[in-house]
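Undergrad: I'd like to go over a predicted model; first the sequence, then the structure.
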Amino acid sequence: MDKIILVSHCFFNPHSVIKPKKSNTNLSSDICTHFLSQGYGFFQLPCPELTCLGKKRWAMSLEQYDTPFFKSHSQKILEPLIPQLQDYLNNDTIIAGVIGIKGSPSCATHVVSSNPNWEGIFTNDIESCQKIDGSGIFIQVLQTILNNLNIDCPMFELPSTNISPKEKDTWTQSLKKHMK
């Protein structure tokens, strides 16, 4: 039986994130190497922030993306993927998991950036954004689609910045343990 992992767009493409670029490409590389050697495939999801607002967007919080427009946009860019996922399922392929991005207001799976007070003129006060339990808006829309397809798979999130070797090993071991 084949297995694929759904991954956030910036898992493979760090150039899609806001500046300054904060990506963990060394961890992405390690994950890819491990799971490719185990016969897994990867399915890159589209970037909802890039396709909605472009590369020169500001840092935003969960609350700023929690709009009918952004939810509709997320649904629209995921819609073409539904037949592909159904075809995988119909041909003995398991959706083994989802890897999102920790802190992302759109692609977090467990810890999301929140600031209900952000609005108006951008003040570059990124430190006022809190990390709270929850998932990003795009992942919420994806989860609804997966539920409708009767896909139950674990969700993980890639730390958005470099982590210590010990944290990296712990995170990677957890991912390997819980992936189908």
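TA: All right, it came through fine.
Undergrad: where do the strands sit along this structure?
TA: Secondary structure of the chain (DSSP state E): strands at 2-7, 40-44, 93-101, 111-114, 130-133, 155-158.
Undergrad: a markdown table please, covering these and showing mean pLDDT and mean neighbour count.
TA: (Glycine included, C-beta is placed from N, CA and C.) Shown next, in a markdown table, are those (pLDDT from 0 to 100; neighbours: other CB atoms under 10 Å):
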| stretch | mean pLDDT | mean neighbour count |
| --- | --- | --- |
| strand 2-7 | 96 | 20 |
| strand 40-44 | 96 | 15 |
| strand 93-101 | 94 | 21 |
| strand 111-114 | 91 | 24 |
| strand 130-133 | 87 | 12 |
| strand 155-158 | 89 | 22 |
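Undergrad: any chance of the ones you listed in CSV, with distance to residue 76 too?
TA: Below are the strands of the chain laid out as CSV (distance: least, CB to CB, whole Å):
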stretch, distance to residue 76
strand 2-7, 18
strand 40-44, 17
strand 93-101, 19
strand 111-114, 22
strand 130-133, 27
strand 155-158, 22
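Undergrad: Out of those, the one nearest residue 148 is which?
TA: strand 93-101 (12.9 Å; CB to CB).
Undergrad: Quick check: can you name the pairing partners of the closest one and their directions?
TA: strand 2-7 (parallel), strand 155-158 (parallel) (DSSP bridges).
Undergrad: For residue 107, which of those is the nearest?
TA: Closest approach to residue 107 among these (CB to CB): strand 155-158, 7.9 Å.
Undergrad: chain center to the closest one: distance?
TA: When C-alpha coordinates are averaged (CA atoms, centre = their mean, to the nearest Å), strand 155-158 and its chain have centres 7 Å apart.
Undergrad: Can I get that strand as PDB, trimmed to CA atoms?
TA: Extracted in PDB, the C-alpha atoms of strand 155-158 (Å, rounded to 0.1, in the frame of the first residue of the first chain):
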ATOM      1  CA  MET A 155      -1.300  16.300  12.000                       C
ATOM      2  CA  PHE A 156       2.200  17.600  12.900                       C
ATOM      3  CA  GLU A 157       3.800  21.000  12.500                       C
ATOM      4  CA  LEU A 158       7.300  21.900  11.500                       C
END
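Undergrad: Other residues contacting it?
TA: 8, 11, 24, 27-28, 31, 97-102, 104, 107-111, 135, 139, 143, 174-175, 178 (CB atoms under 8 Å, 6 or more residues apart in numbering).
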